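Enquirer: What follows is a predicted protein model with its sequence.
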Amino acid sequence: MTDRECVAFLQAVLPRLGLRWLGFRKVHKLVCKRLGRRLKELGLPGLSAYREFLERESSEWANLDRLCLIPISRFYRDRGVFGNLEEIVLPALAGAGRTRRGLLCWSACCASGEEPYTLAVVWRLRLQERFPEVEPRIVATDIDARLLERARAGCYSISSLKELPPGLRAMAFTRQGNRLCIRPKFRVVEFLEQDIRKEVAPGLFDLILCRNAVLTYFAPSLQREAMERVVSRLRPGGALVIGVHESLPEGLAGLEPWPGTRAIFRKRSEEATSRRQDKQMNRGDAERSRTKIKPPGRQARQESDFPFACPLGVHRRQLLLP
Ligand SMILES: C[S@@+](CC[C@H](N)C(=O)[O-])C[C@H]1O[C@@H](n2cnc3c(N)ncnc32)[C@H](O)[C@@H]1O
């Protein structure tokens, strides 16, 4: 299988999984390697034969979906974001949470636990002293059971810790052979296996990190659907963190950039959101009556993001709500 064949294959099948090629452009070789192994397992000569196999065996789409999971993560990934969380967002949330019992955090699509453990380390070592009465509870979810097993084991190669400031690394990890293992006092994360296309973590959260998964790999209409449900689990005033190279889906209501931060948004109160929507509608009506131009049909635009029938049951109308 050549790279060109693999790219053409992925460009054809990803939309059928509710995924988009753009997200896979830089990491597609990992998926191609796995595809090569799958062809060998099935005894198929190439990707054309695999496409025929997919059309015959609908259960194979679920296997293909798994081959497209990208597990890349690191501790303290995008240091500016963790700097903003430590200096601006977490103190604000902890201050607001003083009258409540805990600070509820969700790391969605958490890979092997690098992100939620980073949060636990930053909290315990940099903020706990200032907010001794606030106890964070961190829930982390991912679709990949093997990654979650690694997360629960909590041991990592040195390379996945290279962005973590050395002071934090020394205090939060112990060496076991050539691996660094997170110390017990930071193992305060509850890991759950969940497909974010169908489920959301239980609870109403103060902080949700949803980075480098939904808004990178999912097709636009699925992004919006998944993010609407994610945001519905954020309490008003709570913070949503996305990847630094990602942007929110068009039309996702109820969020505003958190001042002084990058890739972090604050959820508005419901009244503020509906006031804003009223204002936008009024402005839209006024503009339309001035220009006499009809707005484009949103429904039609979204449907066209799914050029094929979706074989996995991930089409937005079929998503199971919790
Ligand atoms: C590139 S990693 C990002 C990890 C982490 N959020 C970060 O930014 O470092 C993407 C993760 O999303 C998970 N993922 C992909 N599709 C998912 C889905 N439908 N439901 C839950 N997790 C999913 C993958 O298993 C993988 O662990």
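Expert: Looks like it arrived, so ask away. Residues are numbered from 1 along each chain as shown.

Enquirer: what kind of secondary structure is residue 239 in?
Expert: strand (DSSP: H, G, I helix; E, B strand; the rest coil).

Enquirer: That one is in contact with residue 207, isn't it?
Expert: Yes: between residue 239 and residue 207 there is a contact at 5.1 Å, judged by C-beta atoms under 8 Å. Just so you know, the C-beta spots here come from the backbone N, C-alpha and C atoms, and that holds for glycine as well.

Enquirer: okay, these two: which has more neighbours?
Expert: residue 239 (26 against 23; other C-beta atoms under 10 Å).

Enquirer: Give me every residue in this structure that's in contact range of the ligand.
Expert: 69-73, 77, 109-111, 114-115, 142-144, 147, 194-197, 211-213 (C-beta under 6 Å from any ligand atom).

Enquirer: Which of the residues you listed are buried, as a ChimeraX select command?
Expert: The following ChimeraX line selects those of the residues of the chain next to the ligand that are buried, judged by 16 or more other C-beta atoms under 10 Å:
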select :69,70,73,77,109,110,111,114,115,142,143,144,147,194,195,196,197,211,212,213
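
Enquirer: Can you tell me which of the residues of the chain next to the ligand end up in helices?
Expert: 114-115, 147 (DSSP state H).

Enquirer: Which residue ranges of the stretch 201-322 of the chain form helices?
Expert: Using DSSP state H, counting those that start in this stretch, the helices of the stretch 201-322 of the chain run over 214-217, 220-232, 270-291, 298-303.

Enquirer: could you say what helices and strands the helix or strand encompassing residue 149 packs with?
Expert: Using DSSP states H and E, residue 149 sits within helix 145-153. Where contact means 3 or more C-beta pairs under 8 Å, 6 or more residues apart in numbering; DSSP states H and E, helix 145-153 is packed against strand 135-142, strand 189-193.

Enquirer: now it against strand 189-193, angle please.
Expert: Computed by axes from the mean of the first three to the mean of the last three C-alpha atoms, to 10 degrees, the angle separating helix 145-153 from strand 189-193 equals 170 degrees.

Enquirer: what does helix 145-153 contact?
Expert: 71, 110-113, 116-117, 140, 142, 181, 189, 191-193 (C-beta atoms under 8 Å, 6 or more residues apart in numbering).

Enquirer: mind redoing it with 7 Å?
Expert: Residues outside helix 145-153 that contact it (C-beta atoms under 7 Å, 6 or more residues apart in numbering) are 71, 110-113, 140, 142, 191, 193.

Enquirer: Over to stretch 242-251?
Expert: 78, 81, 210-212, 215-216, 220, 223-224, 227, 255, 262-263.

Enquirer: try it again with 10 Å
Expert: With C-beta atoms under 10 Å, 6 or more residues apart in numbering as the test, stretch 242-251 has contacts from 23, 77-78, 80-81, 208-216, 218, 220-228, 230-231, 240, 255, 257, 262-265, 298, 301-302.

Enquirer: Show me which of those are buried.
Expert: 23, 77-78, 81, 208-216, 218, 220-227, 230-231, 240, 255, 263-265, 302.

Enquirer: sorry, back to before: got CSV for the contacts of helix 145-153, with pLDDT and distance to residue 51 too?
Expert: As requested, those are arranged in CSV below (pLDDT from 0 to 100; distance: C-beta to C-beta, whole Å):
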residue, pLDDT, distance to residue 51
71, 97, 25
110, 98, 32
111, 98, 29
112, 98, 32
113, 98, 36
140, 98, 35
142, 98, 28
191, 98, 35
193, 98, 30
